[in-house]
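In: What follows is a predicted protein model with its sequence.
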Amino acid sequence: MTTTETATETQVAPKGPQSLGAVFDDYRARVRGGEVGALPAVAGAIVLVLVFTVMSGTKFTNAFNFSNLILQTSAIAVFAMGLVFVLLLGEIDLSAGFTGGVAAAIVGKLMNDQDLNWVLALICGLLAGATIGLVIGLIVSRLGVPSFVVTLAFFLALQGVLLLLTGAGGTIPYRDSHVLAIMNKNMPLWLGWAFAALTVVAFAALGFSRRLQRQRAGLPTPTILVWVLKSAVFAAVVVAATAYLSKERSRNVFLASLKGVPIVVVIVAGLLVVLTFLLTRTAWGRHVYAVGGNAEAARRAGINVARVKISCFMMCSTLAAVGGVLLASRTNSVNPSTGGSDTLLFAVGAAVIGGTSLFGGRGRVLDGILGAVVITVIVNGMTLQGQPQGRVYMITGAVLLLAASVDAISRRRATATGRV
């Protein structure tokens, strides 16, 4: 056997499990090479929580505010998850906020004026969002008009549509108990714990499955200890959060009891699982990353670039419709500012802060949630401190600029090290 043949066999031979130290060294090398992922968002969230805990004490850490943080995060997170799909293409959707507002107004109108069943009304709202995304996608992909211009035009037009839908009264009330429960009710304690247990088991099973797949493919596989540690940390966080939410947090127990995991958590978690599966486990998801990485190369590889762009804009607008309904459910009504004001700015900021690249081709659905947590903690913590709204905007803008700078630097670093 020649030396060349021996070297070839050594290269293709399956590697054994990586030690904990080797896994850490590999991760550190990837970070130095520009693959920072969600590290800045996670680190930022931890630091912010510690800072506001020290500054505000129990005002920030009590169970009532913890639940409030979840509710504040959920709508922004859903908008941000939708924007991730567009940002992965290197595009932008400035109309997502008012798309959500218009969809929520349509849902309210159908339930109030047409006495339509709430399920059918929600489906119509989602279809309205998808239709808006379809039109935007067609203009961007077929006519070649920049998405910034197209969505800015839709931003203005949809704001006008929302004003017409809300009419002279200025509001469209939500009265259906099922829709209101989404953001205002909690699961029974036993159901919350069952959901927590299912989440922990699913996370551990998925991690173990991925480990087996890498092992069978002959890829470097972390030792079983890494899987155990990840699963244990995740389980500890989920159990602690569930236990905290299971405490009585009502300020007046005689009027109403508040305890349990908010219903909206199940919706956001379900969207995270389904959308992550679409992006990571389907051919369509691989095409999205390919188009975002290099549209021309994707076209030459036989990918229908226009169809991918249209589908991503439709996904963004459909999720915006979900986010609009969540906003309306929280406030019990739709008004001319639903989906406007800070909603779009915070949603785009959340996606970028969470780790999705503005240059396309890099990002995850989870980024939208992580970024939304960072933004919500900033807004909530500074509000509890009695800081003026102007200062809140300034700090949030600074964090967004920092995240965009980290994205640009990490991408340049990744290019220099050959990781892109």
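Out: Cool, got the structure.
In: quick one: average pLDDT of stretch 296-307?
Out: For stretch 296-307, mean pLDDT is 93.
In: Could you list the buried residues of that stretch?
Out: 298, 303, 305 (16 or more other CB atoms under 10 Å). Every C-beta, even on glycine, is put in place using the N, C-alpha and C of the backbone.
In: what's the spacing between that stretch and its chain's center?
Out: Chain-centre distance of stretch 296-307: 26 Å, with CA atoms, centre = their mean, to the nearest Å.
In: for stretch 381-401, same thing?
Out: Mean C-alpha position of stretch 381-401 versus that of the full chain (CA atoms, centre = their mean) differs by 21 Å.
In: average pLDDT across it?
Out: For stretch 381-401, mean pLDDT rounds to 84.
In: got the CA positions of it in CSV?
Out: Coordinates of each C-alpha in stretch 381-401 appear next as CSV, following Å, rounded to 0.1, in the frame of the first residue of the first chain:
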residue,chain,number,x,y,z
GLY,A,381,-36.0,47.4,32.2
MET,A,382,-35.6,51.1,31.3
THR,A,383,-39.3,51.7,31.7
LEU,A,384,-39.2,50.3,35.2
GLN,A,385,-36.3,52.6,35.9
GLY,A,386,-38.5,55.5,34.8
GLN,A,387,-36.3,56.4,31.9
PRO,A,388,-37.9,58.7,29.2
GLN,A,389,-38.9,57.1,25.9
GLY,A,390,-36.3,59.1,24.1
ARG,A,391,-33.5,57.5,26.0
VAL,A,392,-35.1,54.0,25.5
TYR,A,393,-35.0,54.7,21.7
MET,A,394,-31.4,55.9,21.9
ILE,A,395,-30.2,52.8,23.7
THR,A,396,-32.1,50.4,21.4
GLY,A,397,-30.7,52.1,18.4
ALA,A,398,-27.2,51.8,19.8
VAL,A,399,-27.7,48.1,20.4
LEU,A,400,-29.0,47.6,16.8
LEU,A,401,-26.0,49.5,15.4
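In: Which residues does it contact?
Out: Residues from elsewhere that reach stretch 381-401, judged by CB atoms under 8 Å, 6 or more residues apart in numbering: 44, 48, 51-52, 55-56, 59-60, 65, 346, 349, 352-353, 374-375, 378-379.
In: 10 Å - rerun?
Out: Stretch 381-401 has contacts (CB atoms under 10 Å, 6 or more residues apart in numbering) with 40-41, 44, 48-49, 51-53, 55-57, 59-60, 65, 69, 72, 342, 345-346, 348-350, 352-353, 371, 374-375, 378-380.
In: can you pull the buried residues of stretch 312-323?
Out: Using 16+ other CB under 10 Å as the burial criterion, the residues of stretch 312-323 that qualify are 312-323.
In: What are the boundaries of the strands in the stretch 151-300 of the chain?
Out: With DSSP state E, counting those that start in this stretch as the criterion, the stretch 151-300 of the chain has strands at 172-173, 221-222.
In: which helices and strands sit right next to the last one?
Out: Packing partners of strand 221-222 (3 or more CB pairs under 10 Å, 6 or more residues apart in numbering; DSSP states H and E): strand 17-18, helix 20-32, helix 189-216, helix 224-245.
In: Low-confidence stretches in the stretch 101-250 of the chain?
Out: For the stretch 101-250 of the chain, residues meeting the criterion pLDDT under 70 lie at 168.
In: If we use 90, what do you get?
Out: In the predicted model of the stretch 101-250 of the chain, residues 113-114, 167-170, 207-230, 247-250 satisfy pLDDT under 90.
In: re earlier: which of the buried residues of stretch 296-307 lies closest to Arg412?
Out: Nearest to Arg412, judged by CB to CB, of those is Ala298 at 22.5 Å.
In: Is the closest one in contact with Val308, as I believe?
Out: Yes: counting by CB atoms under 10 Å, Ala298 does reach Val308; the two are 7.8 Å apart.
In: Secondary structure element for the most centrally placed residue in the chain, which one?
Out: Nearest to the geometric centre of the chain sits Gly368, at 2.6 Å (CA atoms, centre = their mean). Element membership of Gly368 [criterion: DSSP states H and E] is helix 365-384.
In: Leu116 belongs to a strand?
Out: No: Leu116: not assigned to a strand; according to DSSP: H, G, I helix; E, B strand; the rest coil it is coil.
In: For it, give me phi and psi.
Out: Phi and psi for Leu116, reported as degrees, to the nearest 10, are phi -80, psi 150.
In: Quick check: chain neighbours aside, which residue is closest to it?
Out: Distance criterion CB to CB, 6 or more residues apart in numbering; nearest residue to Leu116, sequence neighbours excluded, is Leu110 at 4.3 Å.
In: go on, Ile136?
Out: Nearest residue to Ile136, sequence neighbours excluded (CB to CB, 6+ apart): Phe313, at 4.8 Å.
In: what residues are up against Phe79?
Out: By CB under 10 Å, 6+ apart, the residues touching Phe79 are 93, 96-97, 99-100, 316, 319-320, 322-324, 326-327, 339, 343-344, 346-348, 350-351, 368, 372.
In: Just the pLDDT for it.
Out: 96.
In: same deal with the one 5 residues further on?
Out: For Val84, the pLDDT comes out at 95.
In: Thank you kindly, that will do.
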